[in-house]
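> Show me the folded form of this:
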Amino acid sequence: MVDLATAAGVSLATVSRVLNGQPGASEATAARIWRAVDQLHYEVNHIAKSLRMGATHTVGVLVHDLANPFYPDFIKGVESAAHRAGLSVIVCSGAADESDSTSVMQRQLQMLISRRVDGLVMYGRLLSLAQVRRLLRSHIGVVVVEPPKRTPRGVRAVDIDFREGMEQVVDHLSSLGHRRIALIRQRWHEEWVARSRYRDFQDALAEHGLPYRKKWVGWVDDVNDTALGRAAMRRLLKRAGEFTAVVCHNDMMAIGAMQAAHDAGLRVPEDLSVVGIDDIFASSVVEPPLTTLALPRMEMGEVALNALREESETVRRAVVRPNLVVRGSTGPAGAA
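So this is what the prediction gives:
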């Protein structure tokens, strides 16, 4: 730790506070220490030294926000497969403090390394390339669900076949006579995952000979709040109200969109059809019940954990397939 303190130009006490996630160091000082950690390949271990030579039979799961109802079933799938394999699971959320997300991620990462987890299942790009490499250097296996475009060598991936999924969505809406289909999407999502589900949406429109219009795209910065979906839908209706259906980033956005349609005096599905993605519990109990592209969340979790345990070096990527669940929020296109 002396070398670490020297490299960062701080005291041993300051290094100790930062590595243990304790307050008392400025953000600039903490960043300097973490840079030194990476440069020196320094690792912290709060568990007894005897455990360094053996597996801890523990895996970590890192998701964006535990408040999002999408994640519990995914985590349950990881836990189910882990328990069958005799493994324990540590669940971490990257959204514990949105005002200081970088430091939160640093603390979560350090905690996982210090506990010597055998592997990490991560949903999306929640850690930087340098942080993922640090895990690999620590001999911690990494599996990423919906992986970003760039992943370090050695990371395994679980993809969702959104090409097939969006084909199901557009085929369903097209069969109902919809020709003008809008979209509510997350602004930074393309940077988060490898193949954008929205390019798959555009491809599906093109295959059906349907137009894609930028004015029919509504943007949100966060997908965990139905109020943002409601606001995005209101903006869409003001500037481009001629569409007859809308596909939303997830079910929470879709529920917000239906609320905005109701506020505007529109009937769902008579005047506007709405489709979500995920199939969370709420989608089946709202009025009208939501048509949604169901993602097999428990299966995704199980596949991710099994990919982590797979010994074959040739297995790098697994694919799960979504399934459209048709409910009351979609119907024949109106006269608009």
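
> Strands along this protein, start to end?
Assigned by DSSP state E, the strands in the chain fall at 58-63, 88-93, 119-123, 141-145, 156-160, 181-186, 217-220, 245-248, 273-278, 291-294, 317-320, 323-325.

> quick one, which of those strands is packed in tightest?
Burial of those is given as mean neighbour count (mean count of other CB atoms under 10 Å); strand 245-248 ranks first at a mean of 30. For glycine as for every other residue, the C-beta is placed from the backbone atoms N, C-alpha and C.

> List every C-alpha atom in that strand, with coordinates, as CSV.
Output in CSV follows, covering the C-alpha atoms of strand 245-248 (Å, rounded to 0.1, in the frame of the first residue of the first chain):
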residue,chain,number,x,y,z
ALA,A,245,-49.3,3.2,-32.8
VAL,A,246,-46.3,3.6,-30.5
VAL,A,247,-43.6,1.2,-29.4
CYS,A,248,-41.9,2.0,-26.1
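
> so what secondary structure elements neighbour it?
helix 162-175, strand 181-186, helix 226-239, helix 251-263, strand 273-278 (3 or more CB pairs under 8 Å, 6 or more residues apart in numbering; DSSP states H and E).

> For the fourth one, buried residues please.
Of the residues in helix 251-263, 251-261 count as buried by neighbour count, 16 or more other CB atoms under 10 Å.

> repeat for the third one
By neighbour count on 16+ other CB under 10 Å, the buried set for helix 226-239 is 226, 228-234, 236-237.

> just to revisit the earlier point, CSV for the helices and strands packed on strand 245-248, including mean pLDDT and distance to Arg327?
Shown next, in CSV, are the helices and strands packed on strand 245-248 (pLDDT from 0 to 100; distance: least, CB to CB, whole Å):
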stretch, mean pLDDT, distance to Arg327
helix 162-175, 96, 11
strand 181-186, 92, 18
helix 226-239, 92, 17
helix 251-263, 96, 11
strand 273-278, 97, 10
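
> which residues touch Arg32?
8-10 (CB atoms under 8 Å, 6 or more residues apart in numbering).

> Which among those residues count as buried?
Buried among the contacts of Arg32 by 16+ other CB under 10 Å: 8, 10.

> just to revisit the earlier point, for Asp38, find the nearest of the helices and strands packed on strand 245-248.
strand 181-186 (29.4 Å; CB to CB).

> Give me the domain ranges for this protein.
1-42, 162-295 (automatic domain parsing).

> Export the ones you listed as TSV, with columns for distance to Arg137.
Output for the domains of the chain, formatted as TSV (distance: least, CB to CB, whole Å):
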stretch	distance to Arg137
domain 1-42	6
domain 162-295	23
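
> Quick check, Val247 in contact with Leu272.
No - contact criterion CB atoms under 8 Å: Val247 and Leu272 do not qualify, at 11.8 Å.
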